[in-house]
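Peer 1: Mind folding the following:
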Amino acid sequence: MPALRHSTSSSPRKPPPHSSDTEPFETPVRRRYKSSDAGGSTPSVASSSSSTAGTPRKRQRKDASRQAKKEVDLEQLLRDVVGQPDSNSAVLALKTIPRDERATRALVAQVIHSAKGAVVRRCARRKDRRLLETELYYEWLHELEYVVCAFEIALEAKQPGTRRRVTGLGRASYTALVHLVDEFIDEVNAHHDRPHADAGADVGTAAAALLYPATLTLVEEARDPSTDARSDAARVKAEGALERLDSVLASAVRRYKAECGRANPTLAARVGGQAHALARGCCLLCEQTGYGAAEDDMGDVLLEHAREAMELWKGEYEESEDQLDESDAES
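Peer 2: Purely as a prediction, here's the structure:
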């Protein structure tokens, strides 16, 4: 009697034969599945070596960190320090500046945007006179003076009842001031390279009006004999503001090195790279504004003390590494 197609026998089914008698039978790889949710969705495959980065506890900490960064109002923190220079709590609040470079840069960009808006509102009341570009850039620096003043106060602040300075402010001060310089140069470059009305571009849009006040064109400057004196006066005042920024940034570099830079060659190399980028930015600023062009056209005198401190930091580690290499070669 022929065998039934579907046997009702309770014996286990044999595995299918292999192509070769010598080929060993391989057990299929076990796969793990996440438990299905309440909605009855199909379970998804999960890796057997799942990382702990996605655990609920770590996700909660990351969400709390992001929320803290969003709640930081850098402008208000700095104005509190300037308004209450003897307040220890106002100085310590600067430590809440996030460590993430992108987050700090975003906060600094908001500060500069607020300063630009203040300049636009102030210039709107001067309907009888339009600014030169060099005057506009100085107005931005003048509006940002409270930022430099706040970090100057913070770096000089002392712990209550002692002569010891408040520690832990080197990173925040250095990072914020470096991004402040970088963002300011970017804003000058963006305004300098914007399309002008005499080039056939529509600059009368609402967006442009919110960003920049009306300035004289190069043709209008050439026709007005008083613009040379105005430009020179703005340049002198802007260079004075940059000199103060240079002094505070140099102090921030030295404090950052003392607090975080010991036995940290990676940080020294990163600061050296930022010094190189800062030198290129100063050259561009000198070319577009004339600031620092009294001695040369490269802007070497702009932020020279801060850049020197940054290069010195990097150079010390390079010298120590060279000495270690020489000692290893001799041995």
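Peer 1: What about P160, how many residues nearby?
Peer 2: 8 (other Cβ atoms under 10 Å). Where you see a C-beta, it was placed from the backbone N, CA and C, and this is true even at glycine.
Peer 1: Tell me which residues touch the residue lying closest to it once chain neighbours are set aside, please.
Peer 2: Nearest residue to P160, sequence neighbours excluded (Cβ to Cβ, 6 or more residues apart in numbering): N88, at 5.5 Å. Counting by Cβ atoms under 8 Å, 6 or more residues apart in numbering, N88 touches 157, 159-160, 166.
Peer 1: how about stretch 300-320: buried residues?
Peer 2: 301-304, 306-307, 309-314, 317 (16 or more other Cβ atoms under 10 Å).
Peer 1: and that stretch, how far out from the chain's middle?
Peer 2: Relative to its parent chain, stretch 300-320 has a centroid offset of 20 Å by Cα atoms, centre = their mean, to the nearest Å.
Peer 1: Give me the contact list for stretch 142-155.
Peer 2: 77-79, 81-82, 85, 91, 94, 111-112, 115-116, 118-119, 165-166, 169, 173, 176-177, 180, 184, 237, 241, 244-245, 248, 251-252, 255.
Peer 1: same thing but at 6 Å, please
Peer 2: Stretch 142-155 is contacted from outside by 78, 81-82, 85, 91, 94, 115, 118-119, 169, 173, 244-245, 248, 251, 255, using Cβ atoms under 6 Å, 6 or more residues apart in numbering.
Peer 1: Run through this structure and note the low-pLDDT ranges.
Peer 2: Across the chain, the ranges flagged by pLDDT under 70 are 1-70, 195-210, 319-331.
Peer 1: and the most centrally placed residue in it, what element?
Peer 2: Of all residues in the chain, the one closest to the mean position by Cα atoms, centre = their mean is R105, 3.0 Å from it. Using DSSP states H and E, R105 falls within helix 101-124.
Peer 1: next one: that helix to chain centre, how far?
Peer 2: With Cα atoms, centre = their mean, you get 14 Å for helix 101-124.
Peer 1: before we move on, what about stretch 133-145?
Peer 2: 21 Å.
Peer 1: what does stretch 173-190 give?
Peer 2: 9 Å.
Peer 1: Would you mark the buried spots in that stretch?
Peer 2: Buried-residue list, stretch 173-190, by 16+ other Cβ under 10 Å: 173-185, 187-188.
Peer 1: Contacts made by it with the rest, please.
Peer 2: 104-105, 108-109, 112, 137, 151, 155, 249, 252-253, 256, 281, 285.
Peer 1: and those, which two are the farthest apart?
Peer 2: The largest separation in the contacts of stretch 173-190, counting by Cβ to Cβ, is between Y137 and Y256 at 27.4 Å.
Peer 1: of the two, who's got more company?
Peer 2: Using other Cβ under 10 Å as the criterion, Y137 and Y256 rank with Y137 on top: 26 against 23.
Peer 1: wait, is that one part of a helix?
Peer 2: Yes - under DSSP: H, G, I helix; E, B strand; the rest coil, Y137 falls within a helix.
Peer 1: so which strand or helix has R126?
Peer 2: Counting by DSSP H and E, R126 is found in no helix or strand.
Peer 1: That one: how many residues sit nearby?
Peer 2: Count around R126 with other Cβ under 10 Å applied: 11.
Peer 1: got it, and Y146?
Peer 2: 17.
Peer 1: Secondary structure class of it, three-state.
Peer 2: helix.
Peer 1: any idea how far it is from H276?
Peer 2: 29 Å (Cβ to Cβ, to the nearest Å).
Peer 1: try N88
Peer 2: 37 Å.
Peer 1: Same question for G117.
Peer 2: Distance from G117 to H276, by Cβ to Cβ: 32 Å.
Peer 1: List the contacts of T215.
Peer 2: 130-131, 133, 136.
Peer 1: What residues are bridge-paired with it?
Peer 2: L131 (DSSP bridges).
Peer 1: how far away is it from E101?
Peer 2: Distance from T215 to E101, by Cβ to Cβ: 32 Å.
Peer 1: cool, A293 as well?
Peer 2: 31 Å.
Peer 1: Neighbour count: these two, which is higher?
Peer 2: Taking other Cβ under 10 Å, A293 and E101 do not tie; A293 has more neighbours (17 against 12).
Peer 1: which phi and psi does Q288 have?
Peer 2: phi -90, psi -20 (degrees, to the nearest 10).
Peer 1: doesn't R194 make contact with it?
Peer 2: No - counting by Cβ atoms under 6 Å, Q288 does not reach R194; the two are 11.9 Å apart.
Peer 1: Those two: who's more crowded?
Peer 2: Q288 (18 against 13).
Peer 1: Please give me every residue in contact with the more buried one.
Peer 2: H192 are the contacts of Q288 under Cβ under 6 Å, 6+ apart.
Peer 1: elements contacting the lengthiest helix in the chain?
Peer 2: Longest helix of the chain, by residue count under DSSP state H: helix 227-260. Packing contacts for helix 227-260, counted by 3 or more Cβ pairs under 6 Å, 6 or more residues apart in numbering; DSSP states H and E, involve helix 133-143, helix 145-156, helix 170-192, helix 304-330.
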